[in-house]
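A.B. asks: dropping a prediction and its sequence here:
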Amino acid sequence: MNLTVVIIGLVLLFLYKRGSGESSVKMPSWIFTAVGIFLLIMLLRNLTDAYQLIFHESDAWWPLIKENARNLSEGLRELLRKMMKG
């Protein structure tokens, strides 16, 4: 269900942002309000699950992100050293 809601939201956003030409789809403004209210209600109803997803997953992913950032930083420093040597 969560993936379906996200896909529907992305499709609506794509249709809305696609352009203002003849080929663009005119979406009633109440659709975006209804989707926003629905997503807010779902977030409030599943607040503990949302908290667990955000904080527990971020704790699990943080070491990997930290290591990749360190590798990127070291690579940039080495690149600058090589460029300065000529």
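C.D. replies: Cool, got the structure.
A.B. asks: how about the helices in the chain?
C.D. replies: For the chain, helices defined by DSSP state H occupy the ranges 2-17, 29-45, 47-85.
A.B. asks: mind putting those into TSV with mean neighbour count?
C.D. replies: C-betas here are computed from N, CA, C, even on glycine. As requested, the helices of the chain are arranged in TSV below (neighbours: other C-beta atoms under 10 Å):
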stretch	mean neighbour count
helix 2-17	11
helix 29-45	11
helix 47-85	10
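A.B. asks: can you list those in CSV and add mean pLDDT?
C.D. replies: Shown next, in CSV, are the helices of the chain (pLDDT from 0 to 100):
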stretch, mean pLDDT
helix 2-17, 78
helix 29-45, 85
helix 47-85, 92
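A.B. asks: show me this structure divided up by domain.
C.D. replies: What automatic domain parsing lists as the domains of the chain is 1-18+27-45, 49-86.
A.B. asks: what's the distance between residue 3 and residue 9?
C.D. replies: As for residue 3, its distance to residue 9 is 11 Å (criterion: C-beta to C-beta, to the nearest Å).
A.B. asks: dump stretch 12-20 to PDB, restricted to CA.
C.D. replies: Included here for stretch 12-20 are C-alpha records, laid out as PDB according to Å, rounded to 0.1, in the frame of the first residue of the first chain:
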ATOM      1  CA  LEU A  12       0.500  13.200 -10.100                       C
ATOM      2  CA  LEU A  13       3.500  15.300  -9.500                       C
ATOM      3  CA  PHE A  14       5.000  14.400 -12.900                       C
ATOM      4  CA  LEU A  15       1.700  15.200 -14.600                       C
ATOM      5  CA  TYR A  16       1.500  18.500 -12.800                       C
ATOM      6  CA  LYS A  17       5.200  19.600 -13.500                       C
ATOM      7  CA  ARG A  18       5.200  18.400 -17.100                       C
ATOM      8  CA  GLY A  19       4.500  21.800 -18.500                       C
ATOM      9  CA  SER A  20       1.900  24.300 -19.400                       C
END
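A.B. asks: please compute how far that stretch lies from its chain's middle.
C.D. replies: When distances are taken as C-alpha atoms, centre = their mean, to the nearest Å, stretch 12-20 is centred 18 Å away from the chain's centroid.
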